[in-house]
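Engineer: Generate coordinates for the sequence data below:
(4 chains)
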There are 2 protein chains.
Amino acid sequence: MDAEGFLVVARHASSQPTEVELQILRILWNDGPSIARHIHDSLQAFKQTTYSTTVKMLSVMMEKGLLKRDDDAKPQVYRAAVPQQRTQKQMLSDLIDKVYDGSAAALMLHALSSKKATTEELREIRDMLDQLEEGA
Amino acid sequence: MDAEGFLVVARHASSQPTEVELQILRILWNDGPSIARHIHDSLQAFKQTTYSTTVKMLSVMMEKGLLKRDDDAKPQVYRAAVPQQRTQKQMLSDLIDKVYDGSAAALMLHALSSKKATTEELREIRDMLDQLEEGA
DNA sequence: TTGACGTGACGAATTCGTTCGCTACTATAA
DNA sequence: TTATAGTAGCGAACGAATTCGTCACGTCAA
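Structural biologist: Next up, the predicted model:
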């Protein structure tokens, strides 16, 4: 599993979505299936590129299998072909291997020490911990 | 801080270390300051490239400020110019923003549900949680 | 039908990361 | 000194991601 993980990264083939591809996926995950115009407009919050560029990226993502398209709809409708959770876990797993030498615990300690977790969220995490230790 | 963060990403300038750069940094973090030959040999575990390629990447990383070099030593000695923890946290923070919409808690839940954490590590995390909640 | 506009397909150009060939410098052995 | 091997510098080339200009195809209104 580790070996294969490295191969994927090394070959740079059909691997993780790139920066902008991820932005587009996030738009589709949040807003649901959308037409090119909507995707482009939403993207403007992060990148100032032309509509043409956005459409090109959509077609590239189609080739990569990251998106599906409904051609029957008048303005074609794009939707994510990959589920959000699976993509997130995949990218997280990559980071753990590449940056934290495979230690999820080391990553979590850093994540905990970041300013971003609220008290509310800390409780969620504690609940999750409890469930895990019960199971084990 | 957020605004600047986006700029860095958008400009693609002096941002995160790339795939191979990270491998090289890991070698230096683990083994300490090293000569080009050692770095190259260690790199062979992951990539089969020529010595020339390795040296080129070292020079690129020098330009980016990722490495320092001791020119007095006979075979020059390279060392990481960026601390491991800071780099890890930076890349983690990026992932949280890009993939988890800024929610460290969401990332934690995924990391927890991954098979990688041992009972031992779970205790560490719980301790960390305790300390955090005391502080707050 | 004709014109204007929204949509999207295609290919060229650019940038960045990566790779390597070739050259130069240094030190050591013969 | 001369040959040999290890080390580093430089520039070109290649591929992937990104960008945009341009063309083609619809639809809708006059």
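Engineer: contacting residues for the closest residue to A:Met61 other than its chain neighbours?
Structural biologist: Spatial nearest neighbour of A:Met61, excluding adjacent residues (Cβ to Cβ, 6 or more residues apart in numbering or on different chains): A:Leu67 at 4.6 Å. In short, each C-beta sits where N, CA and C put it, glycine included. A:Leu67 sits next to A:24, A:28, A:58, A:61, A:78-81 when contact means Cβ atoms under 8 Å, 6 or more residues apart in numbering or on different chains.
Engineer: Nearest to chain B among those residues?
Structural biologist: Of all the contacts of A:Leu67, chain B sits closest to A:Ile24, with 12.3 Å by Cβ to the nearest Cβ.
Engineer: quick one on the thing from earlier: state the pLDDT value of the residue nearest to A:Met61.
Structural biologist: On pLDDT, A:Leu67 comes in at 96.
Engineer: Also A:Ile125?
Structural biologist: 85.
Engineer: now it: how far from A:Leu109?
Structural biologist: A:Ile125 sits 12 Å away from A:Leu109, going by Cβ to Cβ, to the nearest Å.
Engineer: Looking only at neighbour counts, state which of these two leads.
Structural biologist: Per other Cβ atoms under 10 Å in any protein chain shown, whichever of A:Ile125 and A:Leu109 has more neighbours is A:Ile125, with 24 against 16.
Engineer: Find the helix or strand that the more buried one is a member of.
Structural biologist: helix A:119-135 (DSSP states H and E).
Engineer: Could you check how far the residue nearest to A:Met61 is from B:Val99?
Structural biologist: Applying Cβ to Cβ, the value for A:Leu67 to B:Val99 is 18 Å.
Engineer: re the thing from before, how far is the helix holding A:Ile125 from where the chain is centred?
Structural biologist: 24 Å (Cα atoms, centre = their mean, to the nearest Å).
Engineer: So what touches that helix?
Structural biologist: So helix A:119-135 is in contact with A:112, A:117, B:103-105, B:108-109, B:112-113, B:117, B:119, B:122, B:125-126, B:129, B:132-133, B:136, going by Cβ under 8 Å, 6+ apart.
Engineer: Just the buried ones among these, please.
Structural biologist: For the contacts of helix A:119-135, a burial check counting by 16 or more other Cβ atoms under 10 Å in any protein chain shown picks out A:112, A:117, B:103-105, B:108-109, B:112, B:117, B:122, B:125, B:129.
Engineer: returning to that earlier point: what's across from the residue nearest to A:Met61 in the sheet?
Structural biologist: A:Ala80 (DSSP bridges).
Engineer: can you tell me how far it sits from A:Glu21?
Structural biologist: To A:Glu21, A:Leu67 is 9 Å away according to Cβ to Cβ.
Engineer: what sits in contact with each of the two?
Structural biologist: Contacts common to A:Leu67 and A:Glu21, judged by Cβ under 8 Å, 6+ apart, are A:Met61.
Engineer: what mean pLDDT does stretch A:90-109 have?
Structural biologist: Averaged across stretch A:90-109, the pLDDT comes to 92.
Engineer: Show me what counts as buried in it.
Structural biologist: Buried, per 16+ other Cβ under 10 Å, within stretch A:90-109: A:90-100, A:103-109.
Engineer: cool, and stretch A:37-47?
Structural biologist: Residues of stretch A:37-47 classed as buried: A:38-40, A:42-43, A:47 (neighbour count, 16+ other Cβ under 10 Å).
Engineer: out of the residues you listed, which one sits closest to chain B?
Structural biologist: After measuring these against chain B - Cβ to the nearest Cβ - the closest member comes out as A:Lys47, at 6.6 Å.
Engineer: so that closest one sits right up against A:Glu21, yeah?
Structural biologist: No: counting by Cβ atoms under 8 Å, A:Glu21 is not a contact partner of A:Lys47; they are 11.9 Å apart.
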